[in-house]
Every structure is written in C-alpha cells, then in structure tokens.
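Engineer: After the sequence you'll find the predicted model.
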Amino acid sequence: MTLTIWLSLLLICLLGAMSPGPSLAMVAKHSLAGGRKNGLATAWAHAFGIGLYALFTILGLAILLHQFPLVFKGITYAGAAYLAWLGFNAIQSKGGIAERLESGRSCSIAQSAKEGFLISILSPKIAIFFTALFSQFVAVSAETSSKAIIVMTPFIVDGLWYTLITFMLSSQLLLSTLRNKAHWIDRISGVVLIGLALRVVWVA
C-alpha cells in the first residue's frame, strides 16, 4: 500500500469517525453518566466493532451484501430498530444521562462496552460506509501487510477520536454545566436517534 492510498484511507476514516450520529451520542451518554472509565470502555468497544467491519470487508462482506440484498436489508432494519429503541429510552430518560446523574448510578464498564460495541455493529450508517466506500481499498491491496493496515487504521482512528471526546466530556468543569441540562440532552438525543431510525427505514 502506497503512502498516498493510506492517506486517503486515513482521511476517510477520520471523516467517518468525526461525523455526528448515534455513536457520538452513545459515547457521550456513558462519558457523562458513568465517567471517564465508562466512556473509554464505550469508545474502544465501538472501535473494536469498527475493526470487525473492516475485517469483514476484507473477507468479502461487500460482495456478500451485493449478491444477497436481503442480508443487507436485514442488517439495515435491525440497526434501525436498535436506534429507535435507544431513542425511545432516551426521551423517557430511562437509563439515560439524566436518570443516572440524579440517582448517582452508573452502569458497569462491561455494560458500557457492550452498548458501544452494539451501536457500531448494528449501525446501518457504518455498514453502508464500509460496503460503499471502504471496499475500494481492498481491491488495490492484496498483500497481507496492506490488509492488516486496512483493518487497523479505522480501529485506531475511531478509538482515538472517541477517547478525545471522552476526555472532553468527563472534564469536571464541563460536567457541572451539562448536569443541569441532562434531561434536555436525553430528549434531544432521543429525537435524533429516532429520526435516524426513520430515515434509515425510509431510504432502505
């Protein structure tokens, strides 16, 4: 893999990680409600899911989904349902930021990691991203070392980006301000998540 091709891959991974969406909402929720450790667990479990998508693309996921569109439809609708469920719970503050801050509770690190992993694996946006854009790099990189770079680049970029988000949101100075707005954060996040779910179903 040439440096130019890798820089193109790096740029696409950065843009994908930085784009707002359910992944950002999930990392923010656990960073605010559980603290830095929970946020980091969510961030790197999410990154692990991203790495798996990259690996599946290397192994021919893009070809599989194009040959069997019903499989792609199933992944898309499952992801939409999960987004809607998260949104509904957030609007009710059921397990959301507000409820956890008010009660002093936070979920376990394992639960944070689980939710971070699921939001990446079940996200239609990520599935579309890898099958539509990422697969182009597979075609020009036949060597084992190049394939390893293709898998590791999005994993590391995603993990480092959400690590930065976690450190920003777990700052005590920012936390005191966000604590007063927790219910609104939950409600806005819930509406956004449900809107994303409806959009996925509409486009599918």
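Structural biologist: Arrived safely, thanks for sending. Numbers count the residues shown, from 1 in each chain.

Engineer: how about the helices in the protein?
Structural biologist: Ranges of helices in the chain, per DSSP state H, are 3-18, 22-34, 36-58, 61-67, 69-91, 97-103, 109-121, 124-129, 135-139, 144-169, 172-179, 182-203.

Engineer: Dump these into TSV; add mean pLDDT and mean neighbour count as well.
Structural biologist: Glycine gets a C-beta too; all of them are placed from N, C-alpha and C. Putting these into TSV (pLDDT from 0 to 100; neighbours: other C-beta atoms under 10 Å) gives the following:
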stretch	mean pLDDT	mean neighbour count
helix 3-18	79	15
helix 22-34	81	25
helix 36-58	90	23
helix 61-67	66	16
helix 69-91	75	18
helix 97-103	52	18
helix 109-121	90	20
helix 124-129	71	21
helix 135-139	59	16
helix 144-169	88	18
helix 172-179	63	11
helix 182-203	74	18
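
Engineer: which one is residue 118 nearest to, not counting chain neighbours?
Structural biologist: In this structure, residue 118 finds its nearest non-sequential neighbour in residue 82, 6.8 Å apart by C-beta to C-beta, 6 or more residues apart in numbering.

Engineer: so who does that neighbour touch?
Structural biologist: Neighbouring residues of residue 82 by C-beta atoms under 8 Å, 6 or more residues apart in numbering: 118-119, 122.

Engineer: Please repeat the previous calculation with a cut-off of 10 Å.
Structural biologist: With contacts taken as C-beta atoms under 10 Å, 6 or more residues apart in numbering, residue 82 has the following neighbours: 22, 118-119, 121-124, 193, 197.

Engineer: got a pLDDT number for residue 134?
Structural biologist: Confidence at residue 134, expressed as pLDDT, is 60.

Engineer: show me what contacts the nearest residue to residue 195 once chain neighbours are set aside?
Structural biologist: Once its chain neighbours are removed from consideration, residue 195 has its nearest residue in residue 87; the separation is 7.9 Å (C-beta to C-beta, 6+ apart). Going by C-beta under 10 Å, 6+ apart, residue 87 touches 22, 25, 186-187, 189-198.

Engineer: Among those, find me the one that's closest to residue 158.
Structural biologist: Each of the contacts of residue 87 was scored against residue 158 by C-beta to C-beta, and residue 22 proved nearest at 13.7 Å.

Engineer: circling back to that earlier point, tell me the two of the contacts of residue 87 that are most distant?
Structural biologist: Spatial extent of the contacts of residue 87 (C-beta to C-beta) is set by the pair 186 and 198 at 18.7 Å.

Engineer: Could you check how far residue 6 is from residue 48?
Structural biologist: 21 Å (C-beta to C-beta, to the nearest Å).

Engineer: ditto for residue 60
Structural biologist: Note on residue 60: its distance to residue 48, by C-beta to C-beta, is 20 Å.

Engineer: residues in contact with residue 27?
Structural biologist: Contact partners of residue 27, counting by C-beta under 10 Å, 6+ apart, are 38-43, 45-46, 112, 115-116, 119, 161-163, 165-166, 169.

Engineer: if you set the cut-off to 7 Å instead, what comes out?
Structural biologist: Residue 27 sits next to 39, 42-43, 46, 116, 162, 165-166 when contact means C-beta atoms under 7 Å, 6 or more residues apart in numbering.

Engineer: Much appreciated, bye for now.
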